[in-house]
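In: Mind folding the following:
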Amino acid sequence: MLQLSINDYQRIIEHGLYGKPLEICGLLVGHKSNEDTQVLEVHAVDSKDLSEKTYNMDALKYMKIDADVQKRGMQIVGIYHTHPATEPYPSPTDMERAHWEGSDDAIFPGYSYLIVSLRDPQNPEPRSFKLVGKRRPEDVIEEPVRIVEGEICNLACYESSGSALSIMTPNQLHGRDGVDERLDGSVSITDLVGNTPLIELKKLTTHLKHARVFGKAEYMNPAGSVKDRPALNMLLKGIESGELTPGKTILDSTSGNTGIAYAMIGAALGYKVKLVMPGNVSPERRAIVKMYGAETVLSSAFDGSDGAILKAREIYESEPDKYFKPDQYNNESNPEAHYLGTGPEIWRQTEGRVTHFLATLGTSGTLMGTSRFLKEVNPDIQIIAVEPDNAMHGIEGLKHMATSIKPGIYDPDIADEHLYADTDDAYNMQARLAEEEGIFVGFSAGAAVHTAIQVAERLDALEQEAVVVTILCDRGDRYLTQLAQMNL
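Out: Residues are numbered from 1 along each chain as shown. Below is the predicted model of the structure:
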């Protein structure tokens, strides 16, 4: 029998729900006998490549944990693995990764192999097996799993089905037991991208009885916006592919937020950054990228983001060997960041109860990637695209698609509904968010929240229970000059 505490079981679940999506691995630590295994600690040991190599553990972390637990009189007793499907036994792929490459020998012979299905995050299903020999079916033996309340010595049984999950921050998740990754120098600023909170906008929705509205606090990313996610993913993919090499300069067009993210990540990773920004971009954004050491080139303010796109192309084509151009408008790694991160986080944070997801359109990456994930886990979730209501709008960073250069990653058919935001409504809601909810965000978030409340009001009038989620894109302090000019 495998026994572990409810706290450690919840930690495994939370680790999985922060993963690629719902799929991750780690170590079980404690004591074992011929028949029973007692788990006293669980340790997250992510692979360096979270694509498909789920068990390609970071060897250095493994060795550190192994040495640490032995000093404290314990041992590694097995591994855990979370995944989004339910299978009666470990799959052939699981078996392949649980054995040494090129060998039939199990990596942990006789140890417990805990699989937790997160197909339904509200009802996780744990099953445990022992790999007692080679890869043959008869060498995979299932063992009972006992989840216990409190400390492992208190054997008060806990029924895991339908249990409520506690939410842990990434720092709590990775720094709770054993080796503290925050102290060994392995955590950098880029590790803090993602896993942002979901905030219910209660004061703005006191008039609603059936529908609830939540904002995903993307302004809490380290560079201050939702764009941290795609920027990091695009740059890491560039390094992985060999297109971004030491000595090359990162070049792209941006209305500001992606550029700030490029500048922050470039500084952290040691790359020069050159950004083409519309001439009307806020002074705050220009100052921020300068602080990170990035070079800026201003395109015509009248031409907006489209002018910046064309100017960046011109610069790149003049010296293609000098630059790595992520091209956020046409790079599939942009929406992929949201498919792997934002979507799974929303699904987890709402415990699968999200009914409507709404996002504004700039590059369209947030809507495209998040929606694809949410539609996969529940096709009934309604996807709503929000864009400015005319070409001469004043909502920085957003595109009026009918009159703009359409991003290559944009698929209008992803959305179940298209709605249009008025500039004045966006500005008014931006102010209300600060004054009534204490959330100081930018104008695009104002457009998103105004429209999300409109959707919620429509559903509420039909007495329809709904959970509407939108994106709080960036921080409001990037617009202080504009706000001052508006006499606010």
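In: number of nearby residues for the closest residue in space to residue 326 that isn't next to it in sequence?
Out: Nearest residue to residue 326 in three dimensions, chain neighbours excluded: residue 234, at 4.0 Å (CB to CB, 6 or more residues apart in numbering). Every C-beta, even on glycine, is put in place using the N, C-alpha and C of the backbone. For residue 234, the neighbour count with other CB atoms under 10 Å is 28.
In: Residue 293 falls within a strand, correct?
Out: No - read with DSSP: H, G, I helix; E, B strand; the rest coil, residue 293 is coil and lies in no strand.
In: My guess is it contacts residue 264. True?
Out: No - applying CB atoms under 8 Å as the test, residue 293 and residue 264 come out as separate, 10.0 Å apart.
In: Out of those two, name the residue with the larger neighbour count.
Out: Of the pair residue 293 and residue 264, residue 264 is the one with more neighbours under other CB under 10 Å, namely 27 against 12.
In: what comes up buried for the helix or strand encompassing that one?
Out: Using DSSP states H and E, the element containing residue 264 is helix 257-269. By 16 or more other CB atoms under 10 Å, the buried positions in helix 257-269 come out as 257-269.
In: Against which helices or strands is it packed?
Out: The contact analysis (3 or more CB pairs under 8 Å, 6 or more residues apart in numbering; DSSP states H and E) places helix 257-269 against helix 228-241, strand 249-253, strand 272-278, helix 283-291.
In: For the first one, list the C-alpha coordinates in PDB.
Out: Presented in PDB, the C-alpha positions along helix 228-241 are these (Å, rounded to 0.1, in the frame of the first residue of the first chain):
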ATOM      1  CA  ASP A 228       5.800  38.200 -20.900                       C
ATOM      2  CA  ARG A 229       4.400  34.800 -21.800                       C
ATOM      3  CA  PRO A 230       4.700  34.800 -25.600                       C
ATOM      4  CA  ALA A 231       7.900  36.800 -25.500                       C
ATOM      5  CA  LEU A 232       9.600  34.200 -23.300                       C
ATOM      6  CA  ASN A 233       8.300  31.300 -25.300                       C
ATOM      7  CA  MET A 234       9.400  32.800 -28.700                       C
ATOM      8  CA  LEU A 235      12.900  33.600 -27.500                       C
ATOM      9  CA  LEU A 236      13.400  30.200 -25.900                       C
ATOM     10  CA  LYS A 237      12.200  28.500 -29.100                       C
ATOM     11  CA  GLY A 238      14.600  30.700 -31.000                       C
ATOM     12  CA  ILE A 239      17.500  29.600 -28.800                       C
ATOM     13  CA  GLU A 240      16.400  26.000 -29.100                       C
ATOM     14  CA  SER A 241      16.100  26.100 -32.900                       C
END
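In: Residues contacting that helix, please?
Out: 190, 193-194, 218, 221-223, 244-245, 250, 258, 261-262, 264-266, 269, 271, 324, 326, 328, 331, 333-338, 340-342, 363, 365 (CB atoms under 8 Å, 6 or more residues apart in numbering).
In: Need the buried ones from the residues you listed selected in PyMOL.
Out: Burial among the contacts of helix 228-241 is assessed by 16+ other CB under 10 Å; the matching PyMOL selection reads:
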select buried, resi 190+193+194+218+221+222+223+244+250+258+261+262+264+265+266+269+271+324+326+328+331+333+334+335+336+337+338+340+341+342+363+365
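In: Would you mind measuring the gap between the ends of stretch 405-416?
Out: End-to-end distance of stretch 405-416: 22 Å, with CA to CA, to the nearest Å as the criterion.
In: Check what contacts it and list those residues.
Out: Stretch 405-416 is touched from outside by 306, 309, 329-332, 334-335, 361, 363-365, 367-368, 371-372, 382-385, 399, 401, 418, with contacts defined as CB under 8 Å, 6+ apart.
In: buried subset of those?
Out: 306, 309, 329, 331, 334-335, 361, 363-365, 367-368, 371-372, 382-385, 399, 401.
In: What pLDDT is listed against the closest residue in space to residue 332 that isn't next to it in sequence?
Out: Closest residue in space to residue 332, ignoring its immediate chain neighbours: residue 409 at 6.3 Å, by CB to CB, 6+ apart. As predicted, residue 409 sits at a pLDDT of 95.
In: going forward can the numbers begin at 507, since that is how I track them
Out: From this message on, residue numbering opens at 507, which makes the last subject residue 915.
In: Packing partners of the helix ranked longest in the chain?
Out: Taking DSSP state H as the criterion, the chain has its longest helix at helix 949-967. Judged by 3+ CB pairs under 8 Å, 6+ apart, the packing partners of helix 949-967 are strand 717-723, strand 862-866, strand 888-894, strand 923-927, helix 929-938, strand 972-978.
In: Which parts of this protein are helices?
Out: All helices of the chain, identified by DSSP H, fall at 512-523, 565-577, 598-603, 676-680, 734-747, 763-775, 789-797, 810-824, 839-843, 849-855, 871-883, 929-938, 949-967, 986-991.
In: Strands of the stretch 607-756 of the chain, residue ranges please.
Out: For the stretch 607-756 of the chain, applying DSSP state E, counting those that start in this stretch gives strands covering 618-623, 631-637, 646-649, 651-654, 704-706, 717-723, 755-759.
In: The shortest one: how far from the chain's middle?
Out: In terms of CA atoms, centre = their mean, to the nearest Å, the gap separating the centre of strand 704-706 from the centre of its chain is 15 Å.
In: List the strands paired with it, with their directions.
Out: Here strand 704-706 is paired, per DSSP bridges, with strand 717-723 (antiparallel).
In: Show the average pLDDT along the partner strand.
Out: Strand 717-723 shows a mean pLDDT of 97.
In: and if you look at stretch 652-666?
Out: Here the average pLDDT along stretch 652-666 is 45.
In: now do stretch 631-642
Out: Here the average pLDDT along stretch 631-642 is 74.
In: Then stretch 879-899?
Out: Mean predicted confidence for stretch 879-899 is 92.
In: how much distance is there from that stretch to the middle of the chain?
Out: Centroid separation between stretch 879-899 and its chain, computed with CA atoms, centre = their mean, is 18 Å.
In: residues of it that come out buried?
Out: Quick answer for stretch 879-899 (16+ other CB under 10 Å): 879-881, 883, 887-895, 899.
In: and if you look at stretch 911-924?
Out: For stretch 911-924, burial by neighbour count (16+ other CB under 10 Å) applies to 913, 915, 916, 920, 921.
In: Ends of that stretch, what's the gap?
Out: One end of stretch 911-924 to the other measures 18 Å (CA to CA).
In: in stretch 750-759, what's buried?
Out: So, applying 16+ other CB under 10 Å, buried residues of stretch 750-759: 750, 754, 755, 756, 757, 758, 759.
In: Any chance of those in JSON lines with distance to residue 579 as columns?
Out: As requested, the buried residues of stretch 750-759 are exported to JSON lines (distance: CB to CB, whole Å):
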{"residue": "750", "distance to residue 579": "46"}
{"residue": "754", "distance to residue 579": "50"}
{"residue": "755", "distance to residue 579": "53"}
{"residue": "756", "distance to residue 579": "49"}
{"residue": "757", "distance to residue 579": "55"}
{"residue": "758", "distance to residue 579": "53"}
{"residue": "759", "distance to residue 579": "58"}
